[in-house]
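>>> 3D, please:
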Amino acid sequence: MEDVERDQATLRVVSGSRLEARKGVVVAGKEYDLPPLTDKDLKDIGFIASRNFDYVMASFVRSARHIDVIKRALREAGAKDAKVLAKIETPSGVVNIDEIAESADGIIVARGDLGMHFPLEDIPVIQRRIIEASRKRLKPVILATEIFMSMIERPLPTRGEISDVYAGVEEGVDGFLVTSETSIGKYPVEVVSWLNRVIEEANKNVRPRRVEPIATGLDARISRGVVELAQSVGASIVAYAADYDAARLLAAFRPPSPVYVGVSDRRLARLLSVLWGMSTVTVKDGLDEVKGLEETERELRARGLLGPGSLVVELSWSLDRATAIVKVRQML
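Residues are numbered from 1 along each chain as shown. This is a model prediction of the structure:
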C-alpha cells in the first residue's frame with residue numbers, strides 16, 4: 001500500500017494477475033464491520049417470503065446475533081419456515097463457530113474466503129473444526145467451494161480433488177456445494193455426474209468419523225437408538241415424519257443403511273433432500289403415525305425398494321411428537 005486518503009488507497013501490484021469486475025476484496029487478517037442485513041438484503045427477504053424459499057444462505061456470518069437478526073427478519077416477512085444456513089468464511093466466524101452452529105439451522109464451510117484469511121495449510125484443520133461444531137449440535141453441514149475447480153476447464157477431476165471429496169465424506173458432511181464449476185465452467189453436467197459418482201463410491205468404502213453430540217433430548221436419543229439398532233441388525237430405516245426435526249435427527253447420526261422417510265408435504269421433502277442419506281416418499285396428508293408408516297412402506301414396495309425378506313427398523317412420530325413407535329420387522 002503506497003498511500004491512503006480519505007476515500008481511496010493507492011496500491012502497488014507485487015504479483016500481477018487479471019482483476020475482474022464484481023469481485024470481493026479481502027485484506028488478510030482484517031474484517032469489515034458490516035451490518036447483518038443491508039437494505040438490499042431486506043428487499044431480498046421480501047422476495048424470499050413471496051416465493052416460499054426453503055433455505056437461505058447467510059454470507060459472512062460472524063456471530064449468533066447475525067443469525068438471530070436474519071431469522072427475525074424472515075419471520076416478520078412471513079418466511080418463518082425458511083431454514084438459515086450460515087456461511088463460515090471469516091476469522092470471527094471461525095472463532096464463534098460454536099454459538100453460530102447453535103443458532104443456525106445448518107453450516108456451510110466456505111473454503112474459498114477462508115483461504116484468503118488463513119494460511120492455506122491451516123484450512124484442513126479449520127474445516128474439520130467447523131464440521132465437528134455443526135455435527136455436535138446435530139445440524140447439517142455442507143462443504144463448499146473449490147470442490148472440482150479443475151473441471152471449469154477440463155472434463156475430468158484431478159486425483160487430488162477426488163481424494164478431497166473422500167475426505168469430506170469421511171468427516172461426515174451432509175453434502176457438497178459446487179459454485180464456479182457449474183456457474184461458469186465448461187462441463188457443469190459432468191461436474192455433477194463425477195461428484196455423485198465419487199460420493200457413492202466413498203460411501204461404500206469409508207464411514208464418517210464418530211462425533212459425540214454435546215447434549216441431546218429424548219427425540220435425539222430415540223433417533224440415535226434407531227440408527228444403532230439398524231446398524232447392528234443390518235436393516236434399512238423406514239420412518240414417517242410430520243416435521244423437519246424428526247427426520248433431521250435421524251440423518252445427524254449418519255446411518256450407514258438406507259433411510260426412507262415418508263412425508264405428506266412436498267416442501268418438507270425438499271428440505272430433507274440436503275440431509276445425509278435421506279430418500280423421501282410423499283404420501284397423502286392427514287395420516288396418523290401408524291397409517292403414515294403403512295403408506296410409506298406401500299409406496300416403497302411399489303418402487304421396488306423394499307420386498308419380501310427386507311429387514312427394516314421402523315420409526316414413526318405422532319403429529320404432536322408425544323409418541324414414538326419403534327419396531328423391527330421383516331417384510332413378507
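
>>> Which strands or helices does the helix or strand that Ser50 is a member of pack on?
Secondary structure from DSSP states H and E places Ser50 in helix 39-51. Packing partners of helix 39-51 (3 or more CB pairs under 8 Å, 6 or more residues apart in numbering; DSSP states H and E): helix 64-77. Any C-beta I mention is one placed from the backbone N, CA and C, and that applies to glycine too.

>>> List the contacts of the helix it packs on.
For helix 64-77, the external contacting residues (CB atoms under 8 Å, 6 or more residues apart in numbering) are 36-37, 41-42, 45-46, 48-49, 56, 58, 61, 80, 82, 84, 86, 96, 99-100, 102-104.

>>> In terms of helix, strand or coil, where does Gln127 fall?
In the three-state summary, Gln127 is assigned as helix, counting by DSSP: H, G, I helix; E, B strand; the rest coil.

>>> The nearest residue to it once chain neighbours are set aside bridge partners, please.
In this structure, Gln127 finds its nearest non-sequential neighbour in Val109, 5.5 Å apart by CB to CB, 6 or more residues apart in numbering. For Val109, the beta-bridge partners are Ile88, Leu143 (DSSP bridges).

>>> burial measure for Val109, as a count.
Val109 is flanked by 26 other residues according to other CB atoms under 10 Å.

>>> Next, the angle helix 64-77 makes with the helix holding Ser50.
Angle between the axes of helix 39-51 and helix 64-77 is 50 degrees (criterion: axes from the mean of the first three to the mean of the last three CA atoms, to 10 degrees).

>>> where does helix 39-51 sit relative to the chain's centre, distance-wise?
Relative to its parent chain, helix 39-51 has a centroid offset of 22 Å by CA atoms, centre = their mean, to the nearest Å.

>>> Spell out the residue ranges of the helices in the stretch 1-150 of the chain.
In the stretch 1-150 of the chain, helices defined by DSSP state H, counting those that start in this stretch lie at 39-51, 64-77, 91-95, 97-103, 111-117, 123-136, listed in chain order.

>>> Excluding chain neighbours, what is closest to Ile184?
Once its chain neighbours are removed from consideration, Ile184 has its nearest residue in Ile152; the separation is 6.6 Å (CB to CB, 6+ apart).

>>> following the lengthiest helix in the chain, which helix or strand shows up next?
In the chain, assigned by DSSP state H, the helix with the most residues is helix 188-205. Where DSSP H and E defines the elements, the next helix or strand beyond helix 188-205 is helix 218-233.

>>> And that following helix, what does it pack against?
Taking 3+ CB pairs under 8 Å, 6+ apart as the contact definition, the neighbouring helices and strands of helix 218-233 are strand 236-240, helix 244-252, strand 311-317, strand 324-330.

>>> Those: which one's closest to Leu138?
With respect to Leu138, and counting by CB to CB, the nearest of these is helix 244-252 at 3.8 Å.

>>> Hey, what's the angle from the closest one to strand 324-330? Just curious.
50 degrees.

>>> can you pull the buried residues of helix 244-252?
Of the residues in helix 244-252, those buried by neighbour count under the rule 16 or more other CB atoms under 10 Å are 244, 246-252.

>>> buried stuff in whichever helix or strand comes after it?
On the C-terminal side of helix 244-252, the nearest following helix or strand under DSSP H and E is strand 259-263. Neighbour-count burial for strand 259-263, counted by 16+ other CB under 10 Å, picks out 259-263.

>>> give the contact list for Phe118.
By CB under 8 Å, 6+ apart, the contact list for Phe118 reads 91, 94, 126.

>>> Make CSV out of these and add distance to Leu293.
Written out in CSV, the entries for those read as follows (distance: CB to CB, whole Å):
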residue, distance to Leu293
Pro91, 47
Val94, 42
Ile126, 42
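
>>> from the residues you listed, which has minimum pLDDT?
In terms of pLDDT, the least confident member of the contacts of Phe118 is Pro91, at 94.

>>> Spatially, and excluding backbone neighbours, which residue is closest to Gly277.
Val259 (4.9 Å).

>>> Would you enumerate the residues in contact with the one you found?
Contacts for Val259 were tallied using CB under 8 Å, 6+ apart; they are 236-237, 239, 250-251, 277-279.

>>> of those, buried ones?
Buried subset of the contacts of Val259 (neighbour count, 16+ other CB under 10 Å): 236-237, 239, 250-251, 277-278.

>>> Between those, which sits nearest Arg137?
Ala251 (13.3 Å).

>>> quick one on the thing from earlier: buried sites along the helix holding Ser50?
Taking 16+ other CB under 10 Å as the neighbour-count basis, helix 39-51 is seen to contain the buried residues 41, 45, 48-49.

>>> Tell me who's in contact with Gly16.
Listed by CB under 8 Å, 6+ apart, the contact set of Gly16 is empty.

>>> gap between it and Leu120?
Taking CB to CB, to the nearest Å as the measure, Gly16 falls 20 Å from Leu120.

>>> what does Asp33 give?
Following CB to CB, the distance that separates Asp33 from Leu120 is 26 Å.
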